[in-house]
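Novice: A structural model of the following input is requested.
(chains A and B)
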Number of protein chains: 2
Amino acid sequence: MNSADLGRRVGVPSTALFTDQYELTMVQAALKAGTADRRSVFEAFTRRLPEGRRYGVVAGTGRVLDAVENFHFDDEMLGFLRDQRVVDAATVDWLADYRFSGDIWGYPEGEVYFPGSPLLRVEGSFAECVLLETVILSILNHDSAIAAAASRMSAAAGGRRLIEMGARRTHELSAVAAARAAYVGGFHTTSDLAAGFRYNIPTVGTSAHAFTLLHDSERDAFRAQVESLGRGTSLLVDTYDVTEAVRTAVEVAGPELGAVRIDSGDLLLVAHRVRQQLDELGATETKIVVTSDLDEYAIASLAAAPVDTYGVGTQLVTGSGHPTCSMVYKLVARAESADPAAPLLPVVKKSLGAKSSRGGRKWAARRLDGHGVAEAEVIGTGEVPAELAAEQLQVELVRGGRVVAREPLEAARERHIAARTGLPMSAIQLSRGEPVIPTEYV
Amino acid sequence: MNSADLGRRVGVPSTALFTDQYELTMVQAALKAGTADRRSVFEAFTRRLPEGRRYGVVAGTGRVLDAVENFHFDDEMLGFLRDQRVVDAATVDWLADYRFSGDIWGYPEGEVYFPGSPLLRVEGSFAECVLLETVILSILNHDSAIAAAASRMSAAAGGRRLIEMGARRTHELSAVAAARAAYVGGFHTTSDLAAGFRYNIPTVGTSAHAFTLLHDSERDAFRAQVESLGRGTSLLVDTYDVTEAVRTAVEVAGPELGAVRIDSGDLLLVAHRVRQQLDELGATETKIVVTSDLDEYAIASLAAAPVDTYGVGTQLVTGSGHPTCSMVYKLVARAESADPAAPLLPVVKKSLGAKSSRGGRKWAARRLDGHGVAEAEVIGTGEVPAELAAEQLQVELVRGGRVVAREPLEAARERHIAARTGLPMSAIQLSRGEPVIPTEYV
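Specialist: The predicted structure is shown next:
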């Protein structure tokens, strides 16, 4: 692990087995047939956005770069492949030397996307590119789903603060990636310590109901918390009676109390009452944090409530109804032969049914109207028209197997805000709709 | 990593930071207040099943045991907590020595559960138990959601084979846990190599459309695959024209062809046509594998089609509409003081609103009717009634910090089939319904 956006090592030593078996059996068959070295172009894209969503958010690109760099088979893995006869001995030998040596271009992390956007373009030999399919899709499909939900929540929250606190609702390592994607999508902090450790995302946390119940009274619990964590802490006020708890909280911490957290009940009503009570007690600077199965709609419905911070869990880490994206990784062009100079032929699956796609190595640009607002996602093959040259979306990520586009996570977060701001206003409507700009093929 | 159900090490060296920050700040405050050592009982349970579901499936227990065993703070983690001032120096020192030394009882993996079932009971000091909250819930909420979907799919599939192939649709390590949970829920194999490596789950895999497109003709692709992987391989027949492809497949591989895979179109119709064609070509033993956005309803709708194997991806790894469970981890009893002999007091949150639960250390039993079929989930505190003593559900998992209940994953899989078979027949109806047996508190 040596990514600039990694705080510290948490340790997935190799990503090479996050791979569907057929990637390896295809390599075996292609090696034997002499087709494994044909120069190939794979593209990751999605045919559609989740139903009703107006834009997608690219997330996970930094993790993809780590995954490509850490994609190598160690002796134990090779032994497993040999012992289980996943592939033959010649293929095991080939895998032992595997390092991706090709090129990757793609939408930078935080950018928005639309149906057909060529989010990632992977070029190299067939064998070296096909092996990366599963892990690239795992990362992009998961992280982009979370970032899309986060982006909607952050738009709904206006300028208010958002805490990611969904770790307990998803796989423990998904949770770390979710905190990262949520940050890209506009969240401010996370409760997940591993996300702080690994990605330097600011972490927060205060107290749960168990802490109050551990003590002989709510007052004892508040006093214990304030004595240890200071008056700036957040006290949880809904274990018993909220009004009583708010009174006790201010008595214990004084009007300098940092925040109170409300985790149940009618949040709109309770927030108003608590704000009034806090103000009457002189705690006019004390913040109100609400948590309790929030999603972007609940956040929006609290716009008029005196809430300072939203803590979001389940709905964030499950993509608010869309826990995955439908990105695919398709061979779009390949050489006629293994000769490095052989020209690339566009290829495309042609069976009947809905799963069609377009062949050829693609460029993408976002055409702007006279006011600088996006009006179309333009996708083509061949030369980029001069008038779109400045609006191209893909950037170089890996050159000859070497990652060339590391960046701090903060850059992706800022890019996302800029990209979203560049869309038509209706992008941030929460209601179901069509993609906010059309995709045009030229 | 030293679990019996682990094939080989994949390497999460410590689980200690898969933790919400407030677990640590609560420990800090409790240490200072002198309440951290109060003997405590936490229970993991869910207040409800996902809407319409008739039973839940416990999965992830083996991973929970690994997580508890690997929950320790290394120097780098302690440095992070110190540098970021997550907790004070005294707490960092306490964490440096942390090892769970308490007891855990719970439903064994693969067992079914209902609202209120005390799935896991964790006993020890408040501080040592509260720290485990997030990682325990992450694992149980994720893995049980996948296992529940898998169980419904396996019931719908009857005796037909099920391949888990959703790795590309979820986080790369979620995918490994999902393959494991799917196996517990009744799946037979996985395409995910890391799941085979780590958990010894049988892996399978053949070919993708890219492989066909790489070659100059479908015939070339089939020949390359058969020459390398043998006649028993599965050929993908829907890249161009299915009828043409099936003819070519049998010409190339002969009637010994292992299987054909269909990944698009009207699967019911296409499967019938392909079966007829295969039979006419003499390939009567060649299997038909279908894949393409299957869920339990699609599987059920293909019951009359000549399908041998279902490959399931997206809907499996996203829990078929319910990607998480709503399990919580609550303090239900604690000692009056830090004296190890102090009696336990039941505790419970009492605010208004829906999030109520029951205090006290619980037992659980499944009462059977005269035919040995489950008729109620019975939950109580105190002594277990004699007539239910033989039907108790909780087993000892950890004693004094030592894991005592390792088992092969196969045992959980078999337990699940037995547990599901012991439910009333309506349990496996796919239509929405109530929990198939009621929960009774005594």
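
Novice: packing partners of the strand or helix carrying residue A:261?
Specialist: Using DSSP states H and E, residue A:261 sits within strand A:259-262. Applying 3 or more Cβ pairs under 8 Å, 6 or more residues apart in numbering or on different chains; DSSP states H and E, we find strand A:259-262 packed against strand A:234-236, helix A:242-253, helix A:267-280, strand A:287-291. No exception for glycine: its C-beta is placed from N, CA and C like everyone else's.

Novice: which of those sits most buried?
Specialist: Among the helices and strands packed on strand A:259-262, ranked by average contacts under mean count of other Cβ atoms under 10 Å in any protein chain shown, first place goes to strand A:234-236 (a mean of 26).

Novice: does any bit of it sit next to chain B?
Specialist: No. Figure legend: strand A:234-236 not in contact with chain B (Cβ under 8 Å from any Cβ of the partner chain); closest approach 9.1 Å.

Novice: thinking again about what came up before, then the strand holding residue A:261 to PDB, C-alphas only?
Specialist: C-alpha atoms of strand A:259-262 as PDB (Å, rounded to 0.1, in the frame of the first residue of the first chain):
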ATOM      1  CA  ALA A 259     -24.100  19.400  21.400                       C
ATOM      2  CA  VAL A 260     -27.000  17.200  22.200                       C
ATOM      3  CA  ARG A 261     -27.900  14.200  20.100                       C
ATOM      4  CA  ILE A 262     -31.400  13.000  19.400                       C
END
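
Novice: so where is the stretch 1-150 of chain A shaky, pLDDT-wise?
Specialist: Within the stretch 1-150 of chain A, the ranges that satisfy pLDDT under 70 run A:1-13.

Novice: show me where it has helices.
Specialist: With DSSP state H, counting those that start in this stretch applied, the stretch 1-150 of chain A shows helices at A:21-33, A:61-69, A:75-83, A:89-96, A:126-130, A:133-156, listed in chain order.

Novice: what residues sit buried inside the last one?
Specialist: By neighbour count, and taking 16 or more other Cβ atoms under 10 Å in any protein chain shown as the criterion, the buried residues in helix A:133-156 are A:133-156.

Novice: rewinding a little: the strand holding residue A:261 pairs with which strands, parallel or anti?
Specialist: strand A:234-236 (parallel), strand A:287-291 (parallel) (DSSP bridges).

Novice: residues in contact with that strand?
Specialist: A:206-207, A:233-238, A:242, A:245-246, A:249, A:270-271, A:274, A:278, A:286-292, A:308-309, A:311 (Cβ atoms under 8 Å, 6 or more residues apart in numbering or on different chains).

Novice: the same query, at a cut-off of 7 Å, please.
Specialist: A:206, A:234-238, A:242, A:246, A:249, A:270-271, A:274, A:286-291 (Cβ atoms under 7 Å, 6 or more residues apart in numbering or on different chains).

Novice: please apply the same query to stretch A:429-442.
Specialist: A:49, A:52, A:54-55, A:114-116, A:152, A:156, A:296-297, A:300, A:358, A:374-380, A:423-424, A:426-427.

Novice: how about stretch A:75-92: buried residues?
Specialist: A:77, A:78, A:80, A:81, A:82, A:84, A:86, A:87, A:88, A:91, A:92.

Novice: these: which two are farthest apart?
Specialist: Longest distance between any two of the buried residues of stretch A:75-92 is 15.8 Å, between A:77 and A:88; criterion Cβ to Cβ.

Novice: show me the contacts for residue A:319.
Specialist: Neighbour list for residue A:319: A:145, A:146, A:148, A:149 [criterion: Cβ under 7 Å, 6+ apart].

Novice: same deal with residue A:336?
Specialist: Applying Cβ under 7 Å, 6+ apart, the residues near residue A:336 are A:342, A:343, A:345.

Novice: could you redo the last one with a cut-off of 10 Å?
Specialist: Contacts here follow Cβ atoms under 10 Å, 6 or more residues apart in numbering or on different chains; on that basis residue A:336 touches A:38, A:39, A:342, A:343, A:344, A:345, B:216.

Novice: can you check the pLDDT for it?
Specialist: In this model, residue A:336 is scored at 94, pLDDT.

Novice: do you know how far it is from residue B:227?
Specialist: Distance, residue A:336 to residue B:227, by Cβ to Cβ, to the nearest Å: 21 Å.

Novice: give the helix, strand or coil label for the nearest residue to residue A:389 once chain neighbours are set aside.
Specialist: Ranked by Cβ to Cβ, 6 or more residues apart in numbering or on different chains and with sequence neighbours excluded, the top spatial neighbour of residue A:389 is residue A:365, at 7.8 Å. With DSSP: H, G, I helix; E, B strand; the rest coil as the basis, the three-state label of residue A:365 is strand.

Novice: I figured residue A:365 was touching residue A:107, is that so?
Specialist: No. Residue A:365 sits out of contact with residue A:107 when judged by Cβ atoms under 10 Å, with a separation of 11.4 Å.

Novice: what about the two, which has more around it?
Specialist: residue A:107 (27 against 22; other Cβ atoms under 10 Å in any protein chain shown).

Novice: what's near enough to touch the more buried one?
Specialist: A:44-45, A:56-58, A:61, A:113, A:117-121, A:140, A:364, A:393-395, A:397, A:415, A:419.

Novice: so of those, which ones are in strands?
Specialist: If you go by DSSP state E, the contacts of residue A:107 have A:44, A:45, A:56, A:57, A:113, A:120, A:121, A:364, A:395, A:397 in strands.

Novice: for the closest residue to residue A:367 other than its chain neighbours, give its distance to residue A:364.
Specialist: Closest residue in space to residue A:367, ignoring its immediate chain neighbours: residue A:376 at 4.6 Å, by Cβ to Cβ, 6+ apart. Distance of residue A:376 to residue A:364, given as Cβ to Cβ: 11 Å.

Novice: show me what residue of the stretch 1-150 of chain A gets nearest to chain B.
Specialist: residue A:21 (2.8 Å; Cβ to the nearest Cβ).

Novice: about what we covered before: of the contacts of residue A:107, which are in range of chain B?
Specialist: residue A:140 (Cβ under 10 Å from any Cβ of the partner chain).

Novice: restricted to buried residues, select the contacts of residue A:107 in ChimeraX.
Specialist: Remark: buried members of the contacts of residue A:107, expressed as a ChimeraX selection using 16+ other Cβ under 10 Å:
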select /A:44,45,56,57,58,61,113,117,118,119,120,121,140,364,393,394,397,415,419
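
Novice: helix, strand, or coil at whatever residue of the stretch 201-350 of chain A ends up closest to chain B?
Specialist: Closest to chain B within the stretch 201-350 of chain A is residue A:205: 2.8 Å, counting by Cβ to the nearest Cβ. Following three-state DSSP, residue A:205 is assigned to coil.

Novice: burial count for it?
Specialist: Using other Cβ under 10 Å, the number of residues around residue A:205 comes to 26.

Novice: what is the burial count for the closest residue to it other than its chain neighbours?
Specialist: Counting by Cβ to Cβ, 6+ apart, residue A:205 lies nearest to residue B:21, which is 2.8 Å off, once chain neighbours are set aside. As a burial measure, residue B:21 scores 25 neighbours (other Cβ under 10 Å).

Novice: I'm done for today, thanks for sticking with me.
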